[in-house]
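**Q** coordinates for the following, if possible.
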Amino acid sequence: MNQDPSPSQAIPSRFDVAEPLALHGGPKAKRTPFASRKRHGELEKRYLSEVIDSDVLFFFIGSKVFEFQKRFAAMYGCKYCIACSSGTAAVHIALAALELPPGSEVITSAITDMGSLTGMLYQGLVPVFADIDQDTLNMDPASTRRCITQRTRAILVVHHGGLAADMDAFLELGRERNLPVVEDCAQAYGTKYKDRPAGTMGAIGAFSLNHFKHITCGSGGMVITDDDRLRYLVSLFLDKCYQREEKIRNPFFLAPNYQMTELQGAVALAQLDRVQEITCRLAARRASSRARSRPRASRTRPTSSLADGPFISTTFSKNGPHSLAAHTRLAPAFIVRGIVRSLSKHSTSG
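**A** Numbers count the residues shown, from 1 in each chain. Below you'll find the predicted structure:
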């Protein structure tokens, strides 16, 4: 029977890329217990109670979803935020609002969640996967350029693991080829790229509120945009193409029902009060971990202080100033490279 190590045999806290993988007898990658924190509390209960007391659960005649949309748009400095039922729905309505013809190709990341792809397939679009940058695990702009064909109609940039993709390159490519750029920010709350919040640089940005994101209402999502037409099409697409603002029910295109309920809106609204504290805490923890794992001479200072609000900027990798809102991933590039080295070793020795 295995026994717990004594204090003198305790696993070191620093991550050493030269160590063998746990699969081959090395130490576990996760060496400290996950913190136990209660994610929902009295504010969520109060807002939920207000919804129940109002006896209105439908968003269009309620108040919580509209208040959430107003506050999230203000947080990101955008004209519009439109809430929906999930992050998958958010990506779907963002792509649908572009009105791309069936058969169009949309270039996206080779590492992403199925939620980035579901909406494409429902719309009859063809996902094309660009390679990733080995240091950031984000889409590689050069690979994206090579993926462009006569059928390409859009680029869906995924900000992976809380780290912003190289948006200057993607926006330049979009302008050059007349391709709208959509940002998938499901893992990128508080992320900045060169002082610009992720989700505000492309035509439209999509976010998730599912259980495993920084803030959550169980399942939910939203898109943000400054474009009046996109805002209108999104509001139609998430609601069966009912023109509720005009008090008309005369659908002129096929659309699902992706409404956010007032119950979801109540919890999401309460969670907004915590997003700054959550992103600041995680970013500080990750920045500290980075500093401990780098040689002292190569350490860099953050480009903005934690007091600047929910957006935390840091310097990262060869692409210049990126930013991150720390996501719960442990040195993914190191782990991937370790696996590749291990596989290469076995393939050459066998």
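**Q** rest of the way, CA atoms for contacts and neighbours
**A** OK.
**Q** can you list the residues that contact the strand of greatest length in the chain?
**A** Looking across the chain with DSSP state E, the single longest strand is strand 152-158. Strand 152-158 is contacted by residues 100, 104-109, 112, 138-139, 165, 174, 179-185 when judged by Cα atoms under 8 Å, 6 or more residues apart in numbering.
**Q** of the residues you listed, which belong to strands?
**A** Checking the contacts of strand 152-158 against DSSP E, those in strands are 105-109, 181-184.
**Q** can you pick the most crowded of these?
**A** Each of the ones in strands among the contacts of strand 152-158 was scored for neighbours by other Cα atoms under 10 Å, and Asp184 scores highest at 30 neighbours.
**Q** and the end-to-end length of stretch 91-111?
**A** The first and final residues of stretch 91-111 sit 16 Å from each other (Cα to Cα, to the nearest Å).
**Q** same check, this time on stretch 185-201
**A** End-to-end distance of stretch 185-201: 11 Å, with Cα to Cα as the criterion.
**Q** and stretch 108-116, by the same measure?
**A** Distance across stretch 108-116, first residue to last, is 8 Å (Cα to Cα).
**Q** buried residues, it. List them.
**A** 108-110, 112, 115-116 (16 or more other Cα atoms under 10 Å).
**Q** the residue nearest to Asp239 when sequence neighbours are not counted: how many residues sit nearby?
**A** In this structure, Asp239 finds its nearest non-sequential neighbour in Asn257, 4.9 Å apart by Cα to Cα, 6 or more residues apart in numbering. By the criterion of other Cα under 10 Å, Asn257 has 15 neighbours.
**Q** hmm, Asn257 is touching Ser235, no?
**A** No - with contact defined as Cα atoms under 8 Å, Asn257 does not reach Ser235; the gap is 10.6 Å.
**Q** tell me which stretches of this protein form strands.
**A** Going by DSSP E, the chain shows strands at 80-84, 105-109, 126-130, 152-158, 181-184, 192-193, 196-197, 204-208, 221-225, 313-315, 321-323.
**Q** in a markdown table, list these along with distance to Gln271 and mean pLDDT.
**A** Listed next are the strands of the chain as a markdown table, based on distance: least, Cα to Cα, whole Å; pLDDT from 0 to 100:
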| stretch | distance to Gln271 | mean pLDDT |
| --- | --- | --- |
| strand 80-84 | 14 | 98 |
| strand 105-109 | 29 | 97 |
| strand 126-130 | 33 | 97 |
| strand 152-158 | 23 | 98 |
| strand 181-184 | 20 | 98 |
| strand 192-193 | 20 | 94 |
| strand 196-197 | 19 | 95 |
| strand 204-208 | 13 | 98 |
| strand 221-225 | 13 | 98 |
| strand 313-315 | 22 | 37 |
| strand 321-323 | 22 | 38 |
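**Q** quick one: which of these is nearest Phe34?
**A** strand 204-208 (22.2 Å; Cα to Cα).
**Q** contacts for the closest one, please.
**A** 86-88, 90-91, 94, 181-187, 198-199, 216, 219-226, 230.
**Q** how far off centre is that strand?
**A** Strand 204-208 has its C-alpha centroid displaced from the chain centroid by 7 Å (Cα atoms, centre = their mean, to the nearest Å).
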